[in-house]
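[1] Everything below, folded, please.
(one chain, ligands or ions: 3)
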Amino acid sequence: PAPVLELRNVSVGYESAHGMVQAVRNVSLKIYPNQIVGLVGESGSGKSTLGNAIMALLKNNAVLLGGEVLVQGQDVYKLNKKELRKFRWNRMSMVFQSAMNALNPVLTVEEQIADVFTYHRPAMSKKEIYDKAVALMKMVSIDPKHLKSYPHELSGGMRQRVVIAIALALEPDLVIMDEPTTALDVVVQKSILDKIKELQREKGFAVLFVSHDFSLVAELAEKVAIMYAGRFIEITDSKKLNLLERHHPYTEGLLGAIPELTAETVMIEGIPGNPPDLINLPTGCAYHPRCKYAFESCKTIHPVEKNVDGRLIACHLYEEEVVR
Ligand code: ATP
Ligand code: SF4
Ligand code: MG
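    Ligands and ions are numbered 1, 2, ... in the order given. Have a look, this model is predicted:
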């Protein structure tokens, strides 16, 4: 089948007084129907920037420096404003980071759900919209009586479920979930993830699931892209995310920092050193100042992506066939 999402050499920068912040660098990826792909990386590695770029919702000082974002074959940057507004939520949607607080505090849940339909499905009657709102609440396992509630009357977990329901309201083909459960406690987190999995299986949409939490992504996603300083340094089958397999040194570090991949919540904090300055990136491999395997070439030569046992790895330690 054709990919739902195809990223072709996407680069995104932020203009700043000190220079261009190179937040996303030359990223390529395909996500197919029914597939959940995880996106992991330390704080500041460019995950949310990429999510926003896919939605064509870049902030004011952000610039698409190059590349193409194709959703169902459509280059989202070739759509005009009106087409884009239609395209969003219908074909692709996003659960934004800290989305729990993204609901409008002065509108009831029903009003917020209704807004989506009034805007995108103007032919729908009030009654049809109400029925749809009830169905959406049931879909995310919330009692429809809460349609009358204001966001502050709901728990964090319920608010997050409402946000997910709204993201799925128009049955998009692609849903970007940016740390959808990070602010929630472990039990609530688990129930929401189970719900996401259940809905995904039922409806078959594709998901780009952004998280700090390696173990969570490994469990949820089929494929995982690991981001370092704006680049995908490895893309691997999540089944192969273990130390028995060969990985990029950064991935290996992350895996080594996790006592047990099945542990409930493991945040990525385990690697010594700090992420690089994205305005003045290190030459060669951006990871070289922190890499325990770094050798001379790493300081000067940019490592290209290579196909290593079916995994994509960008590191000089690997000599296999060059992909792309
Ligand atoms: P987190 O895990 O903390 O959410 P992230 O991986 O989502 O991090 P981004 O929010 O995409 O990271 O940020 C990528 C880089 O871009 C960071 O270095 C960040 O400081 C920088 N950045 C983000 N927004 C802006 C902005 N509006 N102007 C300048 N730099 C920005
Ligand atoms: Fe380490 Fe060199 Fe590989 Fe970069 S290219 S990860 S510095 S070994
Ligand atoms: Mg983020």
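[2] what does the protein have sitting close to ligand 2?
    The chain has residues 248-249, 285, 287-288, 291, 293-294, 298, 303, 315-317 near ligand 2, with proximity defined as C-beta under 6 Å from any ligand atom. All C-beta spots, glycine's among them, are computed from the backbone N, C-alpha and C.
[3] what about this structure, any weak spots by pLDDT?
    In the prediction, the chain carries residues with pLDDT under 70 at positions 99-100, 257-270, 320-324.
[4] So which residues of it form helices?
    Per DSSP state H, the chain carries helices over the ranges 47-54, 81-90, 109-120, 126-139, 156-168, 186-203, 214-220, 249-256.
[5] nearest to residue 28, of the residues of the chain next to ligand 2?
    The nearest member of the residues of the chain next to ligand 2 to residue 28, counting by C-beta to C-beta, is residue 303 at 15.1 Å.
[6] Let me see the contact set for that closest one.
    Taking C-beta atoms under 8 Å, 6 or more residues apart in numbering, we find residue 303 in contact with 284, 285, 314, 315, 316.
[7] Turn those residues into CSV, columns for neighbour count and distance to ligand 3.
    As requested, those are arranged in CSV below (neighbours: other C-beta atoms under 10 Å; distance: C-beta to the ion, whole Å):
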residue, neighbour count, distance to ligand 3
284, 18, 26
285, 27, 23
314, 23, 22
315, 24, 25
316, 20, 29
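[8] got the residues you listed as CSV, with distance to residue 45 columns?
    Output for the contacts of residue 303, formatted as CSV (distance: C-beta to C-beta, whole Å):
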residue, distance to residue 45
284, 18
285, 15
314, 14
315, 16
316, 20
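[9] For ligand 3, what is the nearest residue in the protein?
    Checking the chain residue by residue against ligand 3 with C-beta to the ion singles out residue 48 as nearest, at 3.1 Å.
[10] so that residue touches residue 176, yeah?
    No. Taking C-beta atoms under 8 Å as the contact criterion, residue 48 and residue 176 are not neighbours in contact, 9.6 Å apart.
[11] Can you pull the residues of the protein lying near ligand 3?
    For the chain, the residues found near ligand 3 under the criterion C-beta under 5 Å from the ion are 47, 48, 97.
[12] count of neighbours near the second one?
    If you count neighbours by other C-beta atoms under 10 Å, residue 48 ends up with 19.
[13] go on, residue 68?
    The tally of other residues near residue 68 (other C-beta under 10 Å) stands at 15.
[14] How about residue 211?
    25.
[15] dump the residue contacts of it.
    Contacts for residue 211 were tallied using C-beta under 8 Å, 6+ apart; they are 38, 39, 40, 179, 182, 217.
[16] Also residue 86?
    Applying C-beta under 8 Å, 6+ apart, we find residue 86 in contact with residue 120.
[17] can you offset everything so residue one is 53?
    All set: I'll call the first residue 53, so the last point we hit is now residue 138.
[18] ok, back up a step: and which of the residues of the chain next to ligand 2 is nearest residue 130?
    Looking at these and their distance to residue 130, the nearest is residue 355, at 31.9 Å (C-beta to C-beta).
[19] distance of the residue most central in space within the chain from ligand 2?
    Most central residue of the chain, judged by C-alpha distance to the mean C-alpha position with C-alpha atoms, centre = their mean, is residue 262 at 3.3 Å. Residue 262 sits 23 Å away from ligand 2, taking C-beta to the nearest ligand atom, to the nearest Å as the criterion.
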